[in-house]
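1. Below are the sequence and a predicted model for it; my questions follow.
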Amino acid sequence: MSGHVSTAPSSGTTFFSDDFESGNFNAWDSDGHGFVWKDAVNFSYAVTSELAHGGTYSLRAHFTTCGSLSSPHGTPSLGQTSGGSLGAHTVYVKEVLVWPNTPTGWTNRLYSNEANYAVSANNLLTVVSPAAAEGFYYYDVYAGSSTGDANLKKQNSVPISIGTGWTEPVGGIGNLGSYPGSFSGCSNSQTKEFLRWPNETSGIGLHIFKHAWVYFKTPETGGVKPALRKLMRSNGSQFNGDPSTWEGLLVAEDTDGTGMTLRYGNQGDGLAQQNAFITTNKLDYDTWYCLELEEQMNAPPGTANGVFRLWVTPYGQSTALWGENDAFEVRHVTDSNIGLVMFGDQAQEEGASGHLDELRYFDDVVVSDHYIGP
């Protein structure tokens, strides 16, 4: 990126880097599901005068845990065509872009806003294909006779190719499954990562540096700031859900509205959750920061010799070491390398439930075996 592209020294190995300047998630989908959209979480590239880091692309993550926000992915274009013998009826529709074209496993999704159309008697609803989006080549149609996600049902048995429209069957709208973004009620914890690399069973060693520029935008749509959000995460080669999984987490926490302290800790793998360090300095909102985290996992498991450091660089300012612990135990019983690296992840309002809203911007993501710098 112009002015501060993170380029690793030639003496080391850079496992992955992406400045998003090209408008592509360059290699995040190396295992077929490298970036993930789930439920009401929307992601897109964003370029605005105040948010574009260096004047070019950055990646936006939008978290919400209750209700719905306007989607950046548009509103379906609806119409009608003569046919069938149905009476006049109104249909409510959302389009969901999907990738890859598979009904099982990890599925990436982009959700549209809801639209409705009053179809005349002896006519059928038509839905225009959504526009292509980065990495998305198919979409699903969800429709219902009344508004709201809970009333929308899937209409197509297999994903529809972008560029191909959909027409209501002569028998009317069907029910091939519930809308995937429905909420039965408000939740105060939503866990959705948006970047993860590499394959969870590959393993990339026990000593890495993770780097990203991040920006937390003050909510503008009526929601509240999360009290807690996970920013960077490393897992053993067993992925989440296995009882022997270990993971190291960098978490930003705002308990009083004055800014976000950062803490690094662990959970799982037979250890009670513990913290390696908690910073006294705080991140402000509406400011770009470079965060670089060094993780040297304890070896062997069960020993307290792991080394963890966090450097923070406010945009245009000098770099400082905010947190350090050189005698910390992350892995307890599982002898496995780092098999999965994630950026983004959970947004949570602690101690309450309600409309939780946050825009995060990430830029210049790097995973390396040596210090990177801003």
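-> All right, it came through fine. What you are looking at is a predicted structure, and each value in this text was computed from that prediction instead of being measured.

2. Tell me how far Leu152 lies from Ser77.
-> 17 Å (Cβ to Cβ, to the nearest Å). C-beta: built from backbone N, CA, C; applies to glycine.

3. higher neighbour count, these two?
-> Counted by other Cβ atoms under 10 Å, Leu152 and Ser77 do not tie: Leu152 has more neighbours, with 28 against 16.

4. Report the contact partners of that one.
-> Leu152 makes contact with Tyr92, Val93, Lys94, Glu114, Tyr142, Ala143, Gly144, Ser178, Tyr179, Ser182, according to Cβ atoms under 8 Å, 6 or more residues apart in numbering.

5. Kindly report the same for Gly74.
-> Ser112, Asn113, Pro130, Ala131.

6. Mind telling me the two of the residues you listed farthest from one another?
-> Asn113 and Ala131 (13.7 Å; Cβ to Cβ).

7. Weed out the non-buried ones from the contacts of Gly74.
-> Ser112, Asn113, Pro130 (16 or more other Cβ atoms under 10 Å).

8. correct me, but the second one touches Thr75?
-> Yes - shown here, Asn113 and Thr75 form a contact pair, counting by Cβ atoms under 8 Å, at 4.3 Å.

9. what sits in contact with each of those two?
-> By Cβ under 8 Å, 6+ apart, no residue touches both Asn113 and Thr75.

10. how far away is Ser77 from Met232?
-> Ser77 is 39 Å from Met232, by Cβ to Cβ.

11. element containing the closest residue to Gly265 other than its chain neighbours, please.
-> Excluding its sequence neighbours, the residue lying closest to Gly265 (Cβ to Cβ, 6 or more residues apart in numbering) is Asn275, at 4.0 Å. Assigned by DSSP states H and E, Asn275 falls within strand 271-278.

12. And for Leu97?
-> Per DSSP H and E: strand 89-99 holds Leu97.

13. Show me what that strand is packed up against.
-> Applying 3 or more Cβ pairs under 8 Å, 6 or more residues apart in numbering; DSSP states H and E, we find strand 89-99 packed against strand 108-111, strand 115-119, strand 123-127, strand 138-144.

14. switch the cut-off to 7 Å
-> Judged by 3 or more Cβ pairs under 7 Å, 6 or more residues apart in numbering; DSSP states H and E, the packing partners of strand 89-99 are strand 108-111, strand 115-119, strand 138-144.

15. Direction included, what does the second one pair against?
-> Applying DSSP bridges to the sheet, strand 115-119 is found paired with strand 89-99 (antiparallel).

16. Check the last one too.
-> In the sheet, strand 138-144 lines up against strand 89-99 (antiparallel), strand 153-154 (antiparallel), strand 160-161 (antiparallel) (DSSP bridges).

17. Give the rounded mean pLDDT of it.
-> Strand 138-144 shows a mean pLDDT of 93.

18. Just the pLDDT at Phe20, thanks.
-> 67.

19. Give me the domain ranges for this structure.
-> The record, using automatic domain parsing to delimit domains, assigns the chain the ranges 14-67+186-368, 78-167.

20. The ones you listed: lowest mean pLDDT?
-> What stands lowest among the domains of the chain, in mean pLDDT terms, is domain 14-67+186-368, with a mean of 75.

21. what's the span of it, first residue to last?
-> Terminal residues of domain 14-67+186-368 lie 4 Å apart, using Cα to Cα, to the nearest Å.

22. And stretch 362-374, by the same measure?
-> End residues of stretch 362-374 are separated by 14 Å (Cα to Cα).

23. I am finished for the moment; much appreciated.
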